[in-house]
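S.K.: need a structure here:
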Amino acid sequence: MAQPPEDIEARIPIVEETVRLERREVASGRVRVRTRTAVESELVGAELEQVTVEVRRVPVDREVEAAPPVRTEGDVTIIPVVEEILVVEKRLILKEEIHLVRHREQEKVELPVERRRQVVDVDREKND
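M.R.: Numbering: from 1, shown residues only. Coordinates of the predicted model:
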């Protein structure tokens with residue numbers, strides 16, 4: 001076998017691969033969103049309370065040193081009414097008391113109430 005001459009250069013090509021990445025948008029489907037309002041009727045219950053006040057005038061006609069304070073006894077608020085009368089000396093006479101009596105009544109009621117809420121429907125459509 002023949003030997004190559006020594007003054008010849010050997011060249012080896014070096015090859016390199018490069019990668020280029022490209023992206024593009026492709027529609028793979030569509031989504032349709034619809035909203036609608038649903039109205040539902042439901043009964044709601046509540047307890048109502050009513051307070052009334054009865055006024056009673058209670059005669060006392062008793063002499064007192066000073067005007068008594070307003071006081072409460074249970075559901076009764078007592079408001080003293082005094083009068084000064086002129087005698088040889090001044091005296092404070094408790095003429096009457098005003099008694100305010102509270103009466104409570106409770107009543108259960110049910111009323112129809114419309115309550116609104118939104119419902120969302122989503123339909124997915126695929127492209128072929």
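S.K.: roughly how far apart are Val39 and Val122?
M.R.: Distance, Val39 to Val122, using Cβ to Cβ, to the nearest Å: 21 Å. Where you see a C-beta, it was placed from the backbone N, CA and C, and this is true even at glycine.
S.K.: residues touching the most centrally placed residue in the chain, list them.
M.R.: The centre of the chain sits closest to Arg115, judged by Cα atoms, centre = their mean, with a distance of 15.4 Å. By Cβ atoms under 8 Å, 6 or more residues apart in numbering, Arg115 lies in contact with 39-42.
S.K.: Tell me where the model's unsure across this protein.
M.R.: Scanning the chain for pLDDT under 70 picks out 1-6, 128.
S.K.: So which residues of it form strands?
M.R.: 29-64, 71-73, 76-86, 90-126 (DSSP state E).
S.K.: tell me what the first one is packed against?
M.R.: Think strand 29-64. For strand 29-64, the packing partners by 3 or more Cβ pairs under 8 Å, 6 or more residues apart in numbering; DSSP states H and E come out as strand 90-126.
S.K.: by how many degrees do the strand it packs on and strand 76-86 diverge?
M.R.: On the basis of axes from the mean of the first three to the mean of the last three Cα atoms, to 10 degrees, strand 90-126 is oriented at 150 degrees to strand 76-86.
S.K.: Return the set of buried residues in strand 90-126.
M.R.: By 16 or more other Cβ atoms under 10 Å, the buried positions in strand 90-126 come out as 92, 94, 96-97.
S.K.: Could you dump the residues you listed into a markdown table and include distance to Ile78?
M.R.: Shown next, in a markdown table, are the buried residues of strand 90-126 (distance: Cβ to Cβ, whole Å):
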| residue | distance to Ile78 |
| --- | --- |
| Leu92 | 17 |
| Leu94 | 11 |
| Glu96 | 10 |
| Glu97 | 5 |
